[in-house]
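Chemist: Predicted structure and sequence below. I'll ask about it afterward.
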Amino acid sequence: QGQLVESGGGMVQPGGSLRLSCTDPGRAFTNHATAWFRQGPGKDREFLAAISWTGDSAYYANEVKGRFTASRDKATNTVYLQMNNLKPEDTGVYFCKADLSFGRVAAVDVGSWGQGTQVMVSA
């Protein structure tokens, strides 16, 4: 089975923005919903956002609602996470994961993980 690849992380000041990308080089995850997760320093991995395969539906964790937006380019099967008004507590490694089930994609204990991309929010 293929693997998703995350990119776009970096260092940003509080209040800044970043856009993360989740690509599917092997085209193994067509017709899959995709979710974003974060693992902060010393913390468990947590769900942030999920988007359907069509891109028409999305849902978010309360702590990022209104600041983060997930979107999808179906032509390239790339999923983006636009992150605005970043806070120091947004620091962590960000991962994406795919699942055929839009509901199950948010589960932390299901699926395989890529390398992630590091985000650091600091003054």
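Modeler: Nice, thanks for sending it over.
Chemist: Tell me the buried residues in stretch 115-123?
Modeler: Of the residues in stretch 115-123, 116-117, 119, 121 count as buried by neighbour count, 16 or more other C-beta atoms under 10 Å. In this view, the C-beta of every residue, glycine as well, is placed from N, C-alpha and C.
Chemist: ugh, wrong one, stretch 38-54
Modeler: In stretch 38-54, counting by 16+ other C-beta under 10 Å, buried: 38-39, 45, 47-53.
Chemist: Same check on stretch 93-110?
Modeler: In stretch 93-110, counting by 16+ other C-beta under 10 Å, buried: 93-99, 102, 105-106.
Chemist: what's it in contact with?
Modeler: 4, 6, 9, 20, 22, 24, 29, 31-39, 44-48, 50, 52-53, 57, 59, 79, 81, 111-114, 116-119 (C-beta atoms under 8 Å, 6 or more residues apart in numbering).
Chemist: Also stretch 20-28?
Modeler: 1-9, 30, 34, 36, 76-81, 83, 94, 96, 98, 117, 119.
Chemist: run the last query once more with 6 Å
Modeler: 1-2, 4-8, 77-81, 94, 96 (C-beta atoms under 6 Å, 6 or more residues apart in numbering).
Chemist: So for these, which is the shakiest by pLDDT?
Modeler: Within the contacts of stretch 20-28, the minimum per-residue pLDDT falls on Q1 (66).
Chemist: Tell me the one among the buried residues of stretch 38-54 nearest to P88.
Modeler: R38 (13.0 Å; C-beta to C-beta).
Chemist: Run through the bridge partners of the closest one.
Modeler: E46, Y94 (DSSP bridges).
Chemist: if I read this right, it contacts E89, doesn't it?
Modeler: No: the criterion here is C-beta atoms under 6 Å, and R38 misses it with E89 at 9.8 Å.
Chemist: Which among the contacts of stretch 20-28 count as buried?
Modeler: Buried among these (16+ other C-beta under 10 Å): 4-6, 8, 77-81, 94, 96.
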